[in-house]
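Enquirer: this one's sequence-less:
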Ligand SMILES: O=C(CO)COP(=O)(O)O
């Protein structure tokens, strides 16, 4: 089973109208037409999503948000619903990122609820799982990421993940320059695919599992060469279009 590589930029809380326009101008010539063979997405702060949807309208580049509300609509000041993301032409949404879980108190249950709302509204979810350093050192990595993934599977089944993706992001590797080794990451990805297979073996083979955590063009080829690593969720190295494109080319050269 070959899965099409998927490389996703997560700009986090970075960007401006001007910086985004420059990024799009640099990236667009390489992202349009048949230049890139992998699937590519850019996930930006929600206020800039319309700018990106417009900027990438004639390319295959997907546009994603970094969160959505766990409610459909109403008196939830400051929130953005999955339906609103769909309304402005947003293709996907990152859900359950470790920064959301640790800094904003998201639980396995709220993440599962958001995944359901995203999928029901036609927005593809990229569901993040990952262990802290303390959990890794206690030998709990597989247990933690399996629990996080099962919470979503129990609520919505596997189809939202076939449409979107799972992202394994060890918390200790995010923004630290310390990536998991390709072998360690592969072991976790294999375990995650086994959890998916408990639900539907055939669909598990079609689900893309991305790695995230200090991915750069330098370490991407080794990561992408692993049988269960199907692409990357890129933070810091996605802020410059050239750096991000270099990672996309690594996925293309597999
Ligand atoms: O959190 C990440 C992507 O979602 C990874 O961030 P870095 O690539 O900056 O480590």
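Expert: Thanks, I have it. Values in this document were obtained by computation on a predicted structure and should not be read as measured data. Residues are numbered from 1 along each chain as shown.
Enquirer: and residue 26, how many neighbours?
Expert: By other C-beta atoms under 10 Å, the residues close to residue 26 number 15. In this view, the C-beta of every residue, glycine as well, is placed from N, C-alpha and C.
Enquirer: same deal with residue 135?
Expert: For residue 135, using other C-beta under 10 Å, the count is 17.
Enquirer: which residues of the stretch 1-150 of the chain lie near the ligand?
Expert: Within reach of the ligand by C-beta under 6 Å from any ligand atom, the stretch 1-150 of the chain has these residues: 10, 97.
Enquirer: closest point of the stretch 1-150 of the chain to the ligand, which residue?
Expert: The ligand sits closest to residue 10 of the stretch 1-150 of the chain, with a gap of 3.7 Å, by C-beta to the nearest ligand atom.
Enquirer: pretty sure that residue contacts residue 234?
Expert: Yes. Judged on C-beta atoms under 8 Å, residue 10 makes contact with residue 234 at a distance of 6.6 Å.
Enquirer: for residue 50, give me its contacts.
Expert: Going by C-beta atoms under 8 Å, 6 or more residues apart in numbering, residue 50 touches 88, 89.
Enquirer: and it, that one's in a strand?
Expert: No. According to DSSP: H, G, I helix; E, B strand; the rest coil, residue 50 belongs to no strand; its state is helix.
Enquirer: same question for stretch 131-148: list its buried residues.
Expert: Residues of stretch 131-148 classed as buried by neighbour count (16 or more other C-beta atoms under 10 Å): 131, 132, 135, 136, 141, 142, 144, 145, 146, 148.
Enquirer: what helix or strand is the fourth one on?
Expert: Going back to what we said before, that points to residue 136. Here residue 136 sits within helix 133-137, counting by DSSP states H and E.
Enquirer: average pLDDT across the next helix or strand after that helix?
Expert: Downstream of helix 133-137, the next assigned helix or strand under DSSP H and E is helix 141-156. If you average the pLDDT over helix 141-156, you get 98.
Enquirer: and helix 141-156, what other elements does it pack with?
Expert: Under the contact definition 3 or more C-beta pairs under 8 Å, 6 or more residues apart in numbering; DSSP states H and E, helix 141-156 sits against helix 108-120, strand 124-129, helix 159-163, helix 182-199.
Enquirer: who's in contact with the closest residue to the ligand within the chain?
Expert: Proximity of the chain to the ligand (C-beta to the nearest ligand atom) peaks at residue 235, 2.2 Å away. Residues in contact with residue 235, defined by C-beta under 8 Å, 6+ apart, are 10, 12, 174, 175, 212.
Enquirer: chain center to stretch 234-248: distance?
Expert: 14 Å (C-alpha atoms, centre = their mean, to the nearest Å).
Enquirer: can you give me the end-to-end span of that stretch?
Expert: 10 Å (C-alpha to C-alpha, to the nearest Å).
Enquirer: buried deepest among the helices and strands packed on helix 141-156, which one?
Expert: Sort those by mean neighbour count, taking mean count of other C-beta atoms under 10 Å, and strand 124-129 sits at the top with a mean of 26.
Enquirer: about what we covered before: farthest pair in the buried residues of stretch 131-148?
Expert: 132 and 146 (15.2 Å; C-beta to C-beta).
Enquirer: which strand residues bridge the residue nearest the centre of the chain?
Expert: Among the residues of the chain, residue 126 comes closest to the average C-alpha position under C-alpha atoms, centre = their mean, at 4.4 Å. Judged by DSSP bridges, the bridge partners of residue 126 are residue 94, residue 165.
Enquirer: and it, what is it in contact with?
Expert: Residue 126 sits next to 8, 43, 64, 92-95, 164-167, 210, 233 when contact means C-beta under 8 Å, 6+ apart.
Enquirer: in a markdown table: those, plus distance to residue 195.
Expert: Shown next, in a markdown table, are these (distance: C-beta to C-beta, whole Å):
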| residue | distance to residue 195 |
| --- | --- |
| 8 | 21 |
| 43 | 24 |
| 64 | 24 |
| 92 | 21 |
| 93 | 22 |
| 94 | 20 |
| 95 | 17 |
| 164 | 16 |
| 165 | 15 |
| 166 | 9 |
| 167 | 14 |
| 210 | 16 |
| 233 | 18 |
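Enquirer: cheers, nothing more for now.
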